[in-house]
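J.: when you get a sec, could you give me coordinates for this:
(one chain, ligands or ions: 2)
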Amino acid sequence: MVAVPALVTKTVDRLSAEFDKLSTTQKYAVGVAGGVASLYLVGSLLFKSSDKSKPSTFELTGGSIEASKVKAEFDAYSESYGKNAGEGIVDRSKTVHLVDVFYSLVTDIYEWGWGQSFHFSPRLPHKDLRASEAAHEARIAALLRLRPGMKALDCGCGVGGPMRTVASVSGAHVTGITINQYQVDRAKYHNAKQGVAPLTDVVRGDFLNMPFKECTFDGAYAIEATCHAPKLEGVYGEIFRVLKPGSYFVSYEWVSTHKYDPKNTEHVRIIDEINFGNGLPEMRTWKEAENAGKNVGFDLIMSLDLANASVVSGPWYERLRMGKYTHAINHSIVSVVDAFGLAPKGLKEVHHMLVEVAKSLIQGGETGVFTPMHLLLFRKPETAQ
Ligand SMILES: C=C(CC[C@@H](C)[C@H]1CC[C@H]2C3=CC[C@H]4[C@H](C)[C@@H](O)CC[C@]4(C)[C@H]3CC[C@]12C)C(C)C
Ligand SMILES: C[S@@+](CC[C@H](N)C(=O)[O-])C[C@H]1O[C@@H](n2cnc3c(N)ncnc32)[C@H](O)[C@@H]1O
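T.: Residues are numbered from 1 along each chain as shown. Ligands and ions are numbered 1, 2, ... in the order given. Take a look at the predicted model:
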């Protein structure tokens with residue numbers, strides 16, 4: 001306890017003594033060098049990340065959208081949501097395009113302020129955020145019974161955080177599909193940098209019409225992604241088609257729970273805000289999600305809300321609740337960067353949307369009307385084609 005301050009004081013004293021011995025010119029030179037070094041350090045910390053693993057505050061972009069068009073695209077996105085309670089995206093035929101725009105707008109901010117896995121996780125006792133996140137992802141590999149030599153599909157893969165965990169814990173090859181080209185580029189970059197490129201592939205495509213042949217994969221999963229489909233049967237049907245008979249599909253679904261009451265205006269407001277701030281066309285009930293899988297031919301093996309599955313795990317929304325001061329600070333930072341013209345115009349508004357949706361998600365969790373992790377495990381029957 002005493003040794004460290006004593007050592008520090010001694011070193012400072014010795015340095016000051018050495019400094020006193022220098023001539024005025026030498027003192028001046030040391031001052032200038034120190035100043036330049038500090039500026040360089042602060043500048044490199046603030047302006048540039050040492051590599052491209054995470055964008056710095058000054059590197060936030062509009063993804064695949066040109067900087068000059070970010071504001072207009074965000075305005076068009078905002079206007080696509082109806083004003084009536086429970087309405088969601090008015091013209092559902094535009095959903096896929098709007099979701100692509102949404103991910104161009106948010107991907108850098110997500111990576112900057114959350115990480116490379118765009119999902120929630122129950123907080124495991126005595127484990128940190130990253131360990132809890134990895135465990136949530138590794139559960140997928142176990143449920144799908146993946147092993148080396150198998151081929152798995154990650155439906156809506158984001159920038160590939162989960163795919164890197166699933167491929168590395170199982171040894172299986174994982175192909176990810178995302179609608180957003182910017183995410184494809186980011187995912188490929190991270191896969192190469194983290195040494196998992198040989199076990200992964202990433203393609204841009206619509207999960208409602210996938211560029212894969214029938215019966216290609218030994219397993220498929222979707223983490224908090226199929227909620228973007230204009231119709232759940234559309235994406236589940238495609239997954240059914242590309243799976244080999246007898247193999248499994250697991251999804252962590254965003255759904256309303258049995259506590260949601262469509263006649264309760266507060267519940268409806270929370271869900272409407274969640275839809276808008278997360279690029280969802282509408283919210284499905286957990287029962288609708290179960291039925292969608294059965295309707296396309298799957299056998300339902302397991303249906304379980306992981307938000308309530310363990311009494312010892314912390315709630316999934318705790319990370320957002322703990323982060324609320326950080327979100328406010330982040331908003332000031334983004335506003336300053338915006339004021340100096342160092343971020344695309346419109347990114348401040350996108351960030352504001354995220355600050356607000358964080359509050360709605362917390363309310364969805366606290367009231368228990370919403371879960372981002374209803375686990376659905378389906379199996380394609382052996383007899384299916
Ligand atoms: C599955 C989806 C995304 C889930 C989460 C990964 C994201 C949902 C809300 C996001 C965030 C909210 C607040 C942001 C904060 C204001 C900012 O400063 C830093 C990033 C946030 C924490 C951001 C991070 C990702 C989320 C938690 C949906 C889209 C289906
Ligand atoms: C919230 S992110 C989750 C990403 C990833 N599963 C994870 O947990 O990190 C949702 C993903 O679904 C993808 N997605 C949404 N609609 C899609 C569509 N029609 N076709 C392909 N991908 C889609 C998005 O591009 C995004 O990558």
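J.: and the helix or strand that contains residue 287, what other elements does it pack with?
T.: In this assignment (DSSP states H and E), residue 287 forms part of helix 286-295. Contacts defined by 3 or more C-beta pairs under 8 Å, 6 or more residues apart in numbering; DSSP states H and E place helix 286-295 against helix 232-242, strand 243-256, strand 299-305, strand 370-379. The C-beta positions use only the backbone N, C-alpha and C, and glycine is treated the same way.
J.: switch the ones you listed over to a markdown table; also include mean neighbour count.
T.: Compiled in a markdown table, those are given as follows (neighbours: other C-beta atoms under 10 Å):
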| stretch | mean neighbour count |
| --- | --- |
| helix 232-242 | 21 |
| strand 243-256 | 22 |
| strand 299-305 | 14 |
| strand 370-379 | 23 |
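J.: let's have the ones you listed in CSV, adding mean pLDDT and distance to ligand 1.
T.: Shown next, in CSV, are the helices and strands packed on helix 286-295 (pLDDT from 0 to 100; distance: least, C-beta to the nearest ligand atom, whole Å):
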stretch, mean pLDDT, distance to ligand 1
helix 232-242, 98, 13
strand 243-256, 98, 6
strand 299-305, 98, 16
strand 370-379, 98, 6
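J.: the helices in this structure, which residues?
T.: 3-21, 24-47, 70-79, 95-113, 129-143, 161-170, 181-193, 232-242, 265-278, 286-295, 318-322, 324-339, 347-367 (DSSP state H).
J.: which of those helices sits most buried?
T.: Mean neighbours per residue, mean count of other C-beta atoms under 10 Å, is largest over the helices of the chain for helix 161-170, with a mean of 24.
J.: sorry, back to before: let me have the helices of the chain in a markdown table, adding distance to residue 56 as columns.
T.: Formatted as a markdown table, the helices of the chain follow (distance: least, C-beta to C-beta, whole Å):
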| stretch | distance to residue 56 |
| --- | --- |
| helix 3-21 | 30 |
| helix 24-47 | 7 |
| helix 70-79 | 18 |
| helix 95-113 | 8 |
| helix 129-143 | 20 |
| helix 161-170 | 19 |
| helix 181-193 | 15 |
| helix 232-242 | 35 |
| helix 265-278 | 24 |
| helix 286-295 | 38 |
| helix 318-322 | 22 |
| helix 324-339 | 10 |
| helix 347-367 | 14 |
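J.: now those in CSV, with distance to ligand 2?
T.: As requested, these are arranged in CSV below (distance: least, C-beta to the nearest ligand atom, whole Å):
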stretch, distance to ligand 2
helix 3-21, 41
helix 24-47, 27
helix 70-79, 14
helix 95-113, 4
helix 129-143, 8
helix 161-170, 5
helix 181-193, 5
helix 232-242, 7
helix 265-278, 8
helix 286-295, 15
helix 318-322, 14
helix 324-339, 18
helix 347-367, 12
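J.: the closest residue to residue 363 other than its chain neighbours: what's it in contact with?
T.: Leaving aside its sequence neighbours, residue 363 sits nearest to residue 270 (C-beta to C-beta, 6 or more residues apart in numbering; 5.0 Å). Counting by C-beta atoms under 8 Å, 6 or more residues apart in numbering, residue 270 makes contact with 360, 363, 364, 367, 369, 370.
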